[in-house]
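Student: Starting from these lines, generate the structure:
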Amino acid sequence: DPADIPMLTQAEIAQCATDLPDICLHPDQLAYVIYTSGSTGTPKGVAVPHGPLAMHIATTAAAYEMGPDCRELHMLSLAFDGAHERWMVPCWLGGAVVMRPDTLWSGDETLAALADHRISKAGFPTALFHQVAEAAQGNTPPPVQMYSFCGEAMPLASFDLAAKSLQPDLMINGYGPTECVISRMIWKARPRSDAARVDAPNAPIGRPVGTRRAYVLDARLRPVLPGQPGELYLAGGLARGYLGRPGQTAQVFLPDQFGPPGSRMYRTGDRVRQRLDGVIDYLGRADRQSKLRGYRIEPGEIEARLSAMEDVGQAHVARTGTDADPILAAWVTPASGATPQEGTLQQRLRSDLPGYMVPTQIEIIPHFPQTPNGKTDTNALTLTSRNETPDTSAPLTKIETQIATIWENITKQKPNKSTNFFKHNNNSIM
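Tutor: As a prediction, the model looks like this:
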């Protein structure tokens, strides 16, 4: 009942404002501390001062093309720093924020809320945005002018799906570690124009906004050429560091040799590639690279190939198993109305990738588990145990017998006719 909703008039606000104490805040004073575990799993308090936060709010309002008439649906967990951006910016502009209830909404419920509340702007974690886009297929899209997504890489297939099913005027990919004060880089795309086309596996993370800088450097902190992969370092408008952890702060907040004297830059741990026009593409986490059977593997490349398949919604690839018997595994969700098959997916990958990059096991799951922040909870992914009937057929020909003898002498494993050399933790170096 609207009569039960508390109301605050402009006159009452003006009266309250006259009673406020006159407090002068220095830009370096602490605004808040927010805890993040990053990729380590160990919570660290990130101390954010007022100056960088105020600059970020003003910069974001302009970059997102928002004004006092904006109505934003708030869908992000308040444990995530991006969630505070998404209520601060509309309130700073004098707009409206529609808060989601504590219950989790389905894609259909989210679409209904977007229409019922006349939402003009909504921001989602990448995984949830994909679910909303799937629910919108075949339906009249809500009249939302702009969507933003953040938290994880957005595969090209998910971007195309959202652009076609939701049909907004503007889509924005926000990127920024907590240590750099929320989304310090953005990529803006207008799906109805040719400029929105993505020619990379994932949506780009774009360019720095506001008084910020981005560097793509090699292992010796030297700039790499456009088109070459490197690690992303960010400068300008950074957090103070980790609360009470000077050692960890010094490890990632480094002197900025390219900026003004005394300035710092933050080492993100993300592998990127900068285009000739300055736009930066996200390639994956540097710490996600792994070795298997002597080969270096980039899981993000395999995920991009899987996500691009018509019958696949989302994909995650990881090295799993034990140190003695590691395997490459993948988890995929089906696209709307599709029923992907493990063998078919593996066959397609073999046509594009070398054998060592084809996952030994691909799990088809209905949806990815999510953390409270709305990100994919990769730690909750498991593999189905498979008890295959062993092949006990012995080598028959002279050559088969000779190969089996050499194999057993080197690996201490007794093979049969169908044993796969590489699936038993062997490699070409042996």
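
Student: show me what contacts the residue nearest the centre of the chain?
Tutor: By Cα atoms, centre = their mean, the chain has its centre lying nearest to residue 152, at 0.9 Å. Contacts for residue 152 (Cβ atoms under 8 Å, 6 or more residues apart in numbering) come out as 125, 126, 127, 375, 376. Any C-beta I mention is one placed from the backbone N, CA and C, and that applies to glycine too.

Student: mind pulling up the phi and psi values for the closest residue to the fourth one other than its chain neighbours?
Tutor: So that's residue 375. Spatial nearest neighbour of residue 375, chain neighbours left out: residue 151 (5.0 Å); criterion: Cβ to Cβ, 6 or more residues apart in numbering. Main-chain dihedrals, residue 151, degrees, to the nearest 10: phi 100, psi -40.

Student: can I assume residue 151 is in contact with residue 128?
Tutor: No: counting by Cβ atoms under 8 Å, residue 151 stays clear of residue 128, with 9.0 Å between them.

Student: Let me know the average pLDDT across the helix or strand hosting residue 90.
Tutor: Using DSSP states H and E, residue 90 sits in helix 81-93. Average pLDDT, helix 81-93: 92.

Student: Give me the contact list for that helix.
Tutor: Residues contacting helix 81-93 (Cβ under 8 Å, 6+ apart): 32, 34, 36, 46, 48, 56-58, 60-61, 64, 66-68, 70-72, 74, 76-78, 96-97, 121, 123, 150-151, 174, 178, 181-183.

Student: Of the residues you listed, which belong to helices?
Tutor: Taking DSSP state H as the definition of helices, these contribute 56, 57, 58, 60, 61.

Student: would you list those residues in TSV and tack on distance to residue 343?
Tutor: Below are the ones in helices among the contacts of helix 81-93 laid out as TSV (distance: Cβ to Cβ, whole Å):
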residue	distance to residue 343
56	48
57	51
58	54
60	46
61	51
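
Student: OK, contacts around residue 290?
Tutor: 296, 297, 299, 319.

Student: ok, the last one touching residue 298?
Tutor: Meaning residue 319. No: Residue 319 lies out of contact with residue 298 (Cβ under 8 Å); the separation is 11.2 Å.

Student: which stretches of this protein form helices?
Tutor: 10-18, 50-63, 81-93, 107-116, 126-136, 156-166, 246-252, 299-307, 342-352, 398-411.

Student: gap between the last one and the chain center?
Tutor: The gap between the average C-alpha position of helix 398-411 and the chain average comes to 46 Å, counting by Cα atoms, centre = their mean, to the nearest Å.

Student: Which residue is the nearest non-sequential neighbour of residue 367?
Tutor: In space, and not counting its chain neighbours, residue 367 is closest to residue 333: 5.6 Å by Cβ to Cβ, 6+ apart.

Student: Run a quick neighbour tally on the one you found.
Tutor: Per other Cβ atoms under 10 Å, the neighbour tally for residue 333 reads 22.

Student: Same check on residue 300?
Tutor: 22.

Student: which ones are touching it?
Tutor: Residues in contact with residue 300 (Cβ under 8 Å, 6+ apart) are 153, 201, 202, 283, 284, 288, 317.

Student: would you list every one of the strands in the stretch 151-300 of the chain?
Tutor: Assigned by DSSP state E, counting those that start in this stretch, the stretch 151-300 of the chain shows strands spanning 170-175, 185-189, 207-208, 213-217, 229-235, 241-242, 253-255, 264-274, 280-285, 290-292, 295-297.

Student: Next, find the distance separating residue 398 from residue 404.
Tutor: Residue 398 sits 11 Å away from residue 404 when distances are taken as Cβ to Cβ, to the nearest Å.

Student: Could you verify my assumption that residue 285 touches residue 268?
Tutor: No: using Cβ under 8 Å, residue 285 is not in contact with residue 268; the gap is 9.2 Å.

Student: Of these two, give the one with the bigger neighbour count.
Tutor: residue 268 (21 against 16).

Student: how far away is the more buried one from residue 277?
Tutor: 21 Å.

Student: Please apply the same query to residue 63.
Tutor: In this view, residue 63 and residue 277 are 17 Å apart by Cβ to Cβ.

Student: So the two - more neighbours on which side?
Tutor: Per other Cβ under 10 Å, whichever of residue 63 and residue 277 has more neighbours is residue 63, with 18 against 7.

Student: which residues touch the more buried one?
Tutor: Applying Cβ under 8 Å, 6+ apart, the residues contacting residue 63 are 172, 186, 188, 209.

Student: Recalculate using a threshold of 7 Å.
Tutor: 186, 209 (Cβ atoms under 7 Å, 6 or more residues apart in numbering).

Student: Also residue 333?
Tutor: 313, 314, 365, 366, 367, 368.

Student: What are the boundaries of the strands in the stretch 301-430 of the chain?
Tutor: 312-321, 326-334, 361-364.

Student: among these, which is nearest residue 236?
Tutor: With Cβ to Cβ as the measure, strand 312-321 is the member of the strands of the stretch 301-430 of the chain nearest residue 236 (32.8 Å).

Student: And that closest one, what does it pack against?
Tutor: Applying 3 or more Cβ pairs under 7 Å, 6 or more residues apart in numbering; DSSP states H and E, one finds that strand 312-321 contacts helix 126-136, helix 299-307, strand 326-334.

Student: ok, now with 6 Å
Tutor: helix 299-307, strand 326-334 (3 or more Cβ pairs under 6 Å, 6 or more residues apart in numbering; DSSP states H and E).
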